[in-house]
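Q: turn this into a structure:
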Amino acid sequence: MAMYGVGGPHTSLTGMSDSGKVSRDTSLIEDSTDENSSDDEETEDTTIEGINKVTIEDREVSSDESFEELVFSPEEVVFDERRAAFEGVKLILSGTKLSAAESHFQSFRMYSAPMSSGFCFVHLIRAMLSQDAEDVARTKAVVKASEKLFKQIRKSKHSSEYTRLYTSVCHADAYLFKAFLLMVKKLKPSLTEEEFKNLNSAVAFGVGFTNLALSILPPSYASLMNVMGYENDRVKGLKNLDVCRQGTDLHSPLAYVVLLWYYLLAKPLMCVNPDDLELGFAVAEELLDESTNKLGENSWVFCFFKGKLSFLRLNVDDALQLYTEARDRCGEDFEKSLEYFSIIKDCSYWSEGLYPYVTALDLCVMGDFKQGLMMLKKIAMIKKKHVNNTEYYVISRAKLAYNTEVKNSDSSHFKLFFLEMLYLWNHLALIAPEDRAEAIKTVSRFDKFERKLKPCAYLICGALQTASGQFLSAVETLETLKSYLTTQKSSFSMEKCYGLYELALAKYKLMSRSGRVSAVDMVELEAILDKSVQLNGYQFENRLKLRVHSLRSDICALDSSSSNNQSENVSNS
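A: Residues are numbered from 1 along each chain as shown. Now for the predicted structure:
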């Protein structure tokens, strides 16, 4: 409620007429000399050629006059502006003719920002419904005039702080109205079907990519994005990108690239269900076939994705051939290549140690301890001001691997480090079954590992058993890890948190196999996962949180499916 005038804001309520118009208390209008004026006097409402005209104290404001002449009147006008604006919107929503709502808002729009904003809203609705050029132009003029009015109200010495702030909100609404007007103008019936399809494809790419990218963020970041108004619906993102790829504008090839990136790079890092992973590979294969037919066979990008798909399906020879082909299609500008490699060497925060570390482990596993240990020593001596998560992991592990005593040419420790890398990159499930069985034998000889490495051995062994379908053995191994860590003074935060996650995963797999899920089981799984994310500050924390988030989704789906099956059984019985 407000009164604009010398006296500042007041609280006063005047009656609302039966027709929905705001009644004006003319006895409170400054300089009024008519003491016998009625409190229930309504504004004069007439119609000229379908355009409303309202007379207020011998001043006519017509919808067809220039709205640029609208001037804020700081005379004392007392009325409940919030209620008046609210009632005006009710008129619109109640199915009343727009002319009645227009008349209602127009009565006091030169005194009140909400009423002026409501007046703009009425005209906007009319323009959107008719898509008539004259209605659009008239609405544009109304909004422009209201913007000037808002500036006057905010600058007026008669306006309270609340009035200025609320007027700023109305001013922001005016920008929204102009955006809608632009949309109406763009989406005129003159658009051809092809033009509309391309426009829809472009919009779908933006919506799809944003939803997909944000859905991959850790839950804490995703929650922040939600608070800021961004969606993180992965299903919606994939659907929009699927719509976009069917278009013919420049966004269509980009949609193929984003979808392939998700199914072949992002999803393998997060997926906890091998069957779901294979389903993603099948979708990626279809996308690659379509991209070849639609975009041709000369793209090194799609050739790279084909190689990645072959690699994930363990077709290493095909992958190597496709990667080589992708490299060759990039061209052989050696001078340019040298320039780029130099930049990577000098500026990269992760490749300086990562690839030498993998190479060193490979050498040690093959038995070349002298060369491998020499490389590990160089990696351990890397000193940088800013070290990211991957680089920190590589340097710390290189130190541990270098200081590990090698007995009788035993390479078990280095195999463990190698398997740990595959685990952190979520690639254990991609190892061939016979190689997984051999790896389990290697890491399950826990007594052979030093104290610092035993937690890692238990973790990798349990993860390998889960990947091989040995869920009961995995639960036993991971429970042993849990007990072992309680006896250690060192924190082993990473092994502890990842171990709890793997324990929940193994138990979830057991439930999925049996098809029997109880409320007690669900509570237990949630409790284990809650404990797995309680600690922070350890290496690859965000990767674990992504896996936990993905597993929670699968658990919810399993719970819903189980509930539906139980309901069906009850109905049938």
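Q: where are the low-confidence patches of the stretch 151-300 of the chain?
A: Applying pLDDT under 70 to the stretch 151-300 of the chain flags the ranges 185-191, 218-220, 222, 226-229, 272-275.
Q: go again with 80.
A: Within the stretch 151-300 of the chain, the ranges that satisfy pLDDT under 80 run 183-199, 216-232, 248-250, 269-276, 293-300.
Q: same question, the stretch 451-573 of the chain
A: 491, 514-518, 557-573.
Q: can you give me the helices in it?
A: 454-467, 471-485, 493-514, 519-532, 541-572 (DSSP state H, counting those that start in this stretch).
Q: hey, which of these is tucked in deepest?
A: Using mean count of other CB atoms under 10 Å, the stretch among these with the greatest mean number of neighbours is helix 454-467 (a mean of 25). Quick note: C-beta positions are derived from backbone N, CA and C, even for glycine.
Q: got the contact list for that helix?
A: Applying CB atoms under 8 Å, 6 or more residues apart in numbering, the external contacts of helix 454-467 come out as 274, 416, 419-420, 423, 428-429, 431, 436, 439-440, 443-444, 446, 449, 471, 473-474, 477-478, 480-481, 484-485, 488, 492, 495-496, 498-499, 502-503, 505-506, 509.
Q: for Leu464, which non-adjacent residue is spatially closest?
A: Using CB to CB, 6 or more residues apart in numbering and skipping the chain neighbours, the partner closest in space to Leu464 is Ile440 (5.0 Å).
Q: buried ones in the host helix or strand of that neighbour, by neighbour count?
A: Taking DSSP states H and E as the definition, one finds Ile440 inside helix 433-443. Of all the residues in helix 433-443, those buried under the rule 16 or more other CB atoms under 10 Å are 436, 439-440, 442-443.
Q: before we move on, what about stretch 154-165?
A: 154, 156, 158-159, 163.
Q: what's Ser252 in contact with, if anything?
A: With CB under 8 Å, 6+ apart, Ser252 has these contacts: 201, 244-246, 294.
Q: all helices for the stretch 301-450 of the chain, in order.
A: 316-329, 334-347, 351-365, 369-380, 389-403, 412-424, 433-443.
Q: tell me what angle the fourth one forms with helix 389-403.
A: Same thing as helix 369-380. Going by axes from the mean of the first three to the mean of the last three CA atoms, to 10 degrees, helix 369-380 is angled at 140 degrees with respect to helix 389-403.
Q: show the average pLDDT along helix 369-380.
A: On average, the pLDDT along helix 369-380 is 88.
Q: you'd agree Phe304 is up against Glu325?
A: No - counting by CB atoms under 8 Å, Phe304 does not reach Glu325; the two are 9.1 Å apart.
Q: doesn't His158 belong to a strand?
A: No - assessed with DSSP: H, G, I helix; E, B strand; the rest coil, His158 is coil; it does not lie in a strand.
Q: neighbour count for Phe304 and Glu325, which is higher?
A: Using other CB atoms under 10 Å, the more surrounded residue of Phe304 and Glu325 is Phe304, with 19 against 14.
Q: show me what contacts the more buried one?
A: By CB under 8 Å, 6+ apart, the neighbours of Phe304 are 322-323, 326.
Q: let me see the contact set for the nearest residue to Cys271 once chain neighbours are set aside.
A: Leaving aside its chain neighbours, Cys271 sits nearest to Leu277 (4.6 Å; criterion: CB to CB, 6+ apart). Contacts for Leu277 were tallied using CB under 8 Å, 6+ apart; they are 267-268, 271, 429.
Q: switch those over to TSV; also include distance to Thr139.
A: Compiled in TSV, these are given as follows (distance: CB to CB, whole Å):
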residue	distance to Thr139
Lys267	47
Pro268	51
Cys271	50
Ala429	59
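Q: tell me, how many residues neighbour Ala326?
A: Quick note: Ala326 (other CB under 10 Å) scores 19 neighbours.
Q: got it, and Gly237?
A: When neighbours are defined as other CB under 10 Å, Gly237 has 25 of them.
Q: coming back round to it: where's the residue nearest to Cys271 relative to Ile92, distance?
A: Taking CB to CB, to the nearest Å as the measure, Leu277 falls 52 Å from Ile92.
Q: what distance do you get for Met128 to Leu503?
A: Met128 is 56 Å from Leu503, by CB to CB.
Q: cool, and Phe418?
A: For Phe418, the distance to Leu503 equals 23 Å [CB to CB].
Q: pretty sure Tyr256 contacts Leu295?
A: Yes - counting by CB under 8 Å, Leu295 is a contact partner of Tyr256 at 7.3 Å.
Q: overlap of the contact sets of the two?
A: Phe302.
Q: more neighbours, those two?
A: Of the pair Tyr256 and Leu295, Tyr256 is the one with more neighbours under other CB under 10 Å, namely 23 against 14.
Q: excluding its backbone neighbours, what's nearest the more buried one?
A: Ser291 (4.9 Å).
Q: which residues are in contact with stretch 472-488?
A: Taking CB under 8 Å, 6+ apart as the rule, stretch 472-488 contacts 444, 451, 454-455, 458-459, 461-463, 465-466, 492, 495-496, 499-500, 502-503, 506-507, 510.
Q: what distance separates it from the middle of the whole chain?
A: On the basis of CA atoms, centre = their mean, to the nearest Å, stretch 472-488 sits 36 Å off its chain's mean C-alpha point.
Q: hmm, Cys244 and Ala204 touching each other?
A: Yes - judged on CB under 8 Å, Ala204 makes contact with Cys244 at a distance of 4.3 Å.
Q: more neighbours: the two, which one.
A: Cys244 (27 against 22).
Q: related to what we said a few turns ago, make a markdown table out of the buried residues of helix 433-443 and add distance to Ala557 and pLDDT.
A: Below are the buried residues of helix 433-443 laid out as a markdown table (distance: CB to CB, whole Å; pLDDT from 0 to 100):
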| residue | distance to Ala557 | pLDDT |
| --- | --- | --- |
| Arg436 | 27 | 89 |
| Ala439 | 30 | 92 |
| Ile440 | 29 | 94 |
| Thr442 | 35 | 91 |
| Val443 | 31 | 93 |
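Q: distance from the chain centre to the host helix or strand of Gly280, please.
A: Using DSSP H and E, Gly280 sits in helix 274-295. For helix 274-295, the separation from the chain centroid amounts to 23 Å (computed by CA atoms, centre = their mean).
Q: again with stretch 230-248
A: 12 Å.
Q: could you do stretch 459-470 as well?
A: 32 Å.
Q: Glu102 versus Phe86, what's the distance?
A: Noted for Phe86: a distance of 16 Å to Glu102, by CB to CB.
Q: higher neighbour count, these two?
A: Glu102 (26 against 12).
Q: can you check my assumption that the more buried one lies in a strand?
A: No - with three-state DSSP as the criterion, Glu102 is helix rather than part of a strand.
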